[in-house]
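In: okay, structure incoming, though there's no sequence with it:
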Ligand code: OOB
């Protein structure tokens, strides 16, 4: 990669669309760097960001972002470069991200659960020049991952650790030192300003086909979604937004997430764990008013709050739930048990986000996943031939609009598959739309497993399984799960001697993948189907195997 020319990261809408979105006032020419500067001027001494050890005012966050930007440039990174950000829910996450924005360098967001395989893919596809991580954590050594990454991709020249200088691995640059080295360095805004139409960062796709694709979002489009989300969700200067889900995920980042909270001049509180034992104390201490959860976490919170509550969480006004389907049965329990308003959120890193509104009647909040942010979000619900289905009938959701991407980064084949010729994004979701425009998610057309909101590509895991010497063929399918929503099951035709299920799980771990991708279940079979091999598609095969397993387990329960 190091000798390859850097491919610019761009996201473009056709001129007539861009003009319309500007004229409608969606794209206002804002950038994230300037946004934080303005908030720092207005709210200088108000607290912007809180974690277990830190309370930073807006002025402090702003100054820190400047210092990070200057340090990055002094280290030799340039506007337009890419840096993989692999950090837990700590204050430094936003210091680093805003520092990158200010320097015009694009963060590439990895989830903390990601391991070398995912990080290498993100770094390779983005042609990253840097990697920012948190050193040794309780259960994982990111220094080791950084070393491996640099040996595989020498183009990743800059490794920065947010650990204090004394604890930092001497092979890498401590963030403190980076900042000290940048003193006096001019920021790029002085000579090559960031444009609102520039890509601000790269987000990873949930991915249904193999490895994650990279999603470039512009300042203009993302700030529009963040600003409107903050409005729709009623954030204001006195709101306190809790990031309980992984900070790098699009939901707690922008729907309205931490960025929406900063936009509103509100306070962001970070929790490293979303479990009630930890987080209820944080809510009590910080008087949190709003947070976002995935359905399995909501279940745990409901259980904890229904028992004898150990903490006063009455400051909470709204709990958002999204990332995976929330059943009406669970949705109904939110208000009586937790004493808060429920807001359903159905979004995707590629763009479109739907919310139930805070003043919607219970029936809508419980039974739908909301309606789009923008009057200019175009939503089509079509059959497999692309023809619109009658209103209220299930169909494939296609969308385009002022904050939905038109292309992935440098991936022509994925772009050809994922977008129609007239620029609609094929979400892969099956939805019904009500006459009022509310969407209810019915399922998915493509093969990813949505395990508690974390997306797993069946194809990606199958490829790793096929690399095992005792695997002849493999199909990974999703199985309904009471708690997780869906769990993963690997069907395997052994090659010669049958391996143990444990060995298969260990194999997936050894391939350097996130733990959530390890199959929950492994089933060995002699053949996949009665139908002659090659006669049915992979997709049909997965559906068939999933149905067989469910029928078998239902049989056992009776
Ligand atoms: C969010 O973003 P991604 O990119 O991790 O995943 C998007 C996919 C959607 O296409 C859909 O399949 C599923 O996640 N999904 C839901 C859902 N919210 C997302 N399925 C059913 N019900 C929901 N409420 O997951 C995401 C991004 C921004 C805000 C919220 C979630």
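Out: Good, I have the coordinates. All values reported here derive from a predicted model rather than from experimental measurement.
In: secondary structure element for residue 507, which one?
Out: helix 501-510 (DSSP states H and E).
In: wait, residue 231
Out: helix 219-232.
In: so is that helix next to the ligand?
Out: No - Helix 219-232 stays out of contact with the ligand when judged by C-beta under 6 Å from any ligand atom, the minimum separation being 8.9 Å. Every C-beta, even on glycine, is put in place using the N, C-alpha and C of the backbone.
In: average pLDDT for that helix, rounded please.
Out: Taken as a whole, helix 219-232 has an average pLDDT of 98.
In: then stretch 157-171?
Out: 97.
In: and the longest helix seen in the chain, what does it pack onto?
Out: Ranked by residue count, the top helix of the chain under DSSP state H comes out as helix 538-557. Where contact means 3 or more C-beta pairs under 8 Å, 6 or more residues apart in numbering; DSSP states H and E, helix 538-557 is packed against strand 471-481, strand 485-494.
In: number of nearby residues for residue 196?
Out: 19 (other C-beta atoms under 10 Å).
In: so what sits opposite whichever residue of the chain sits closest to the ligand in the bridge?
Out: Closest contact between the chain and the ligand, by C-beta to the nearest ligand atom, is at residue 347 (2.6 Å). Beta-bridge pairing for residue 347 (DSSP bridges): residue 353.
In: return the set of buried residues in stretch 312-332.
Out: For stretch 312-332, burial by neighbour count (16 or more other C-beta atoms under 10 Å) applies to 313, 316, 318-326, 330-331.
In: and for stretch 150-166?
Out: Quick answer for stretch 150-166 (16+ other C-beta under 10 Å): 150, 153, 155, 156, 158, 159, 160, 161, 162, 163.
In: what residues are up against the closest residue to the second one other than its chain neighbours?
Out: By that I understand residue 153. Excluding the flanking residues, the one nearest residue 153 by C-beta to C-beta, 6 or more residues apart in numbering is residue 123, at 5.5 Å. Applying C-beta atoms under 8 Å, 6 or more residues apart in numbering to residue 123 gives the contacts 84, 108, 131, 149, 153, 156.
In: need the next SSE after the helix holding residue 231, C-terminal direction.
Out: That would be, after helix 219-232 and using DSSP H and E, strand 240-243.
In: pLDDT weak spots in this structure?
Out: Along the chain, segments meeting pLDDT under 70 span 1-3, 188-191, 207-208, 530-535, 556-558.
In: quick check: domain ranges of it?
Out: According to automatic domain parsing, the chain comprises the domains 29-37+58-216, 448-557.
In: circling back to that earlier point, output the contacts of residue 123 as TSV; include the columns secondary structure and distance to the ligand.
Out: Shown next, in TSV, are the contacts of residue 123 (DSSP: H, G, I helix; E, B strand; the rest coil; distance: C-beta to the nearest ligand atom, whole Å):
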residue	secondary structure	distance to the ligand
84	strand	18
108	strand	15
131	strand	22
149	helix	23
153	coil	25
156	coil	25
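In: how about those residues in JSON lines, adding distance to residue 267?
Out: Converted to JSON lines, the contacts of residue 123 look like this (distance: C-beta to C-beta, whole Å):
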{"residue": "84", "distance to residue 267": "28"}
{"residue": "108", "distance to residue 267": "27"}
{"residue": "131", "distance to residue 267": "30"}
{"residue": "149", "distance to residue 267": "34"}
{"residue": "153", "distance to residue 267": "38"}
{"residue": "156", "distance to residue 267": "34"}
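In: excluding sequence neighbours, find me the nearest residue to residue 147.
Out: Residue 147 sits nearest to residue 171 (C-beta to C-beta, 6+ apart), 7.2 Å away.
In: contacting residues around that neighbour?
Out: With C-beta under 8 Å, 6+ apart, residue 171 has these contacts: 143, 147, 159.
In: near the ligand, which residues of the stretch 351-500 of the chain show up?
Out: Counting by C-beta under 6 Å from any ligand atom, the stretch 351-500 of the chain sits next to the ligand at 353, 369, 427, 429, 441, 444, 450, 455.
In: so the fifth one is in which element?
Out: Using DSSP H and E, the secondary-structure element containing residue 441 is strand 439-444.
In: packing partners for that strand?
Out: Strand 439-444 packs on strand 425-433, going by 3+ C-beta pairs under 8 Å, 6+ apart.
In: show me the contact partners of the strand it packs on.
Out: Counting by C-beta under 8 Å, 6+ apart, 208, 348, 350-352, 369, 379, 381, 391-400, 404-406, 417-420, 439-446, 448 sit against strand 425-433.
In: out of those residues, list just those in strands.
Out: 348, 351-352, 379, 381, 395-400, 439-444, 448 (DSSP state E).
In: buried ones among the residues you listed?
Out: Looks like the ones in strands among the contacts of strand 425-433 have 348, 351-352, 379, 381, 395-400, 439-441, 444, 448 buried, using 16+ other C-beta under 10 Å.
In: so what's residue 86 up against?
Out: With C-beta under 8 Å, 6+ apart, residue 86 has these contacts: 110, 112, 114, 119, 131, 132, 133, 134, 142, 145.
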